[in-house]
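Colleague: Need the 3D shape of this:
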Amino acid sequence: MSALEDRLDSDLRSRLRRDLLARGHTLATLLADVLAGKDTSPSLAALGLTRPGIRPEEALRKALDQVDGRRVLLDRNDDRFGRCDICATDLGALALGEMPWADRCAAHAKI
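Modeller: Okay, the predicted model is just below:
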């Protein structure tokens, strides 16, 4: 059993994987809409993906990369999933349930 399996049971890991796939689907659909010239401003704002100086397609690609990176870690049972990329603090099941693509603890979220 891996350290990740010790921290997160199989049901939770399955749900987190489904949530990551759903988020990826949402982001990919929005990216397609942006590239097709559709106005996605409200959706991007609702997802917190509007940043000054960053084009919407860049923000969406970065978010997709983050989601895919987390999914790969989860699929590999890599213990880095659910830990801060900076300090390796366990983000906890509750936080991951809300945002399974999280890669920073609260202290490092602004970096």
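Colleague: Measure how far stretch 56-70 is from the centre of its chain, please.
Modeller: Distance, stretch centre to chain centre, for stretch 56-70: 8 Å (Cα atoms, centre = their mean, to the nearest Å).
Colleague: buried residues in it?
Modeller: P56, A59, L60, A63, L64, Q66, V67, D68, G69, R70 (16 or more other Cβ atoms under 10 Å). C-beta coordinates here come from the backbone N, C-alpha and C atoms, glycine included.
Colleague: Show the average pLDDT along that stretch.
Modeller: Stretch 56-70 shows a mean pLDDT of 96.
Colleague: Repeat that for stretch 40-50.
Modeller: 94.
Colleague: List of residues touching it?
Modeller: With contact meaning Cβ atoms under 8 Å, 6 or more residues apart in numbering, stretch 40-50 is reached by T26, L27, L30, D33, V34, P56, A59, L60, A63.
Colleague: The lengthiest helix in the chain - contacts with which helices or strands?
Modeller: Criterion DSSP state H: the longest helix present in the chain is helix 10-35. When contacts are defined as 3 or more Cβ pairs under 8 Å, 6 or more residues apart in numbering; DSSP states H and E, helix 10-35 packs onto helix 56-75, helix 93-98.
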